[in-house]
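*Asks:* Sharing a sequence plus its predicted fold:
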Amino acid sequence: LGFGLYCDTLKAGRILVLAPDQKFTPNIRDQLSRSGASVFILDRDREAYLRHLESRFSAMITDPATDTQTAAKLGYEVSRTLMEHVLDQPDLNKIHRGESLVRQVVDLILGRDEAWAALIRLARHDYYTYTHSCNVGLFGLGLLKEQVQEGQDLDVHSYGTALFYHDIGKSEVDLDILNKPGPLDKREEEEMQKHPEQGYQIMVKFDVLTPPARLVVSQHHERCDGSGYPHGVLREDIHSVARVCAIADVFDALTSDRPYRPRISAFSALKAMHQEMVGHFDQPMLARFTRLMAKTFADKASG
Ligand SMILES: [Fe+2]
Ligand SMILES: [Fe+2]
């Protein structure tokens, strides 16, 4: 693998179970997975680990023999790990790797019927910005896929990347504000509200995304009734994919744990979006999203 694997033991504490130059055989993998033990890597090997995941995922999705569940599982994990890496400190190399990964995730979703639902069901609900970024990307892609299937001409790769990168501007927000375990005061809120514009500037600086797709980043906190930020523009002036992003963004925020409040169910989140946030969202799009989520979770209940 090029990096070591470690496990915790009762007697000897954390031990090396596979050296970087040792072959990772199916036998070792089965033993590790049967033991149920958590496997660790060294912090300094994060980059090597991530590169390994990226190349495994590329190989896997181009192989038609890979089952969709397995591809989705790896796709979700590699997306989270890479988004963590990008959001930590965006640079050209990381941003381009993220872009190419999202392309592959998009191809997986467009190419296989069951892939989107499989990815959505894997969604975690912690409060990390990188988990949130992936979830918003995936929720939004469900709507974009439907639009493409209906014949709309949409650059799903670029818009998909924009959904994953919608909060990239948070990489410039003070960590104390980002992780504050409670509501923000006025100054902190003003700082936080700069992230759509900061994200847009990062996209321009690194020349990522098409100009219309960059609007998804800069407009994802705008609301159809003009109550959003940074500019308070109305529905017709908000890009349609930014309106998709707003729905996916709020839905994921409500259904994920926050340092100061636990998550609520998908049903309660959709109910709140319909009844308590009247005028915020693109209504036909919200209705469509509600149907999509209902169908996905009803299938799960019956399956
Ligand atoms: Fe945001
Ligand atoms: Fe967000």
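*Replies:* Sure, I can see it. Ligands and ions are numbered 1, 2, ... in the order given.
*Asks:* which element is residue 280 on?
*Replies:* Under the criterion DSSP states H and E, no helix or strand holds residue 280.
*Asks:* Begin at 55, not 1, for the rest of this chat.
*Replies:* Yes, from this point I'll number from 55; that puts the last item at residue 334.
*Asks:* That one and residue 287, how far apart?
*Replies:* Here the distance between residue 334 and residue 287 works out to 13 Å (CB to CB, to the nearest Å). (C-beta placed from N, C-alpha, C; glycine too.)
*Asks:* the more surrounded of those two?
*Replies:* Comparing residue 334 with residue 287 by other CB atoms under 10 Å, the one with more neighbours is residue 334, at 19 against 16.
*Asks:* Could you grab the helix/strand/coil label for the nearest residue to the more buried one once chain neighbours are set aside?
*Replies:* Nearest residue to residue 334 in three dimensions, chain neighbours excluded: residue 277, at 4.4 Å (CB to CB, 6 or more residues apart in numbering). Following DSSP: H, G, I helix; E, B strand; the rest coil, the label given to residue 277 is coil.
*Asks:* Next up, phi/psi of residue 277, please.
*Replies:* Dihedral angles of residue 277 (phi, psi; degrees, to the nearest 10) stand at phi -120, psi 150.
*Asks:* My guess is it contacts residue 301. True?
*Replies:* No. In this structure, residue 277 is not within contact of residue 301 by CB atoms under 8 Å, at 10.9 Å.
*Asks:* OK, contacts around the residue nearest to residue 334?
*Replies:* Shown in contact with residue 277 (CB atoms under 8 Å, 6 or more residues apart in numbering): 300, 333-335.
*Asks:* again with residue 218
*Replies:* 133, 137, 152, 156, 187-188, 190-191.
*Asks:* Looking at the residues you listed, which is nearest ligand 2?
*Replies:* The closest of the contacts of residue 218 to ligand 2 turns out to be residue 190 (CB to the ion; 5.6 Å).
*Asks:* Would you double-check that that closest one falls in a helix?
*Replies:* Yes. Assigned with three-state DSSP, residue 190 falls within a helix.
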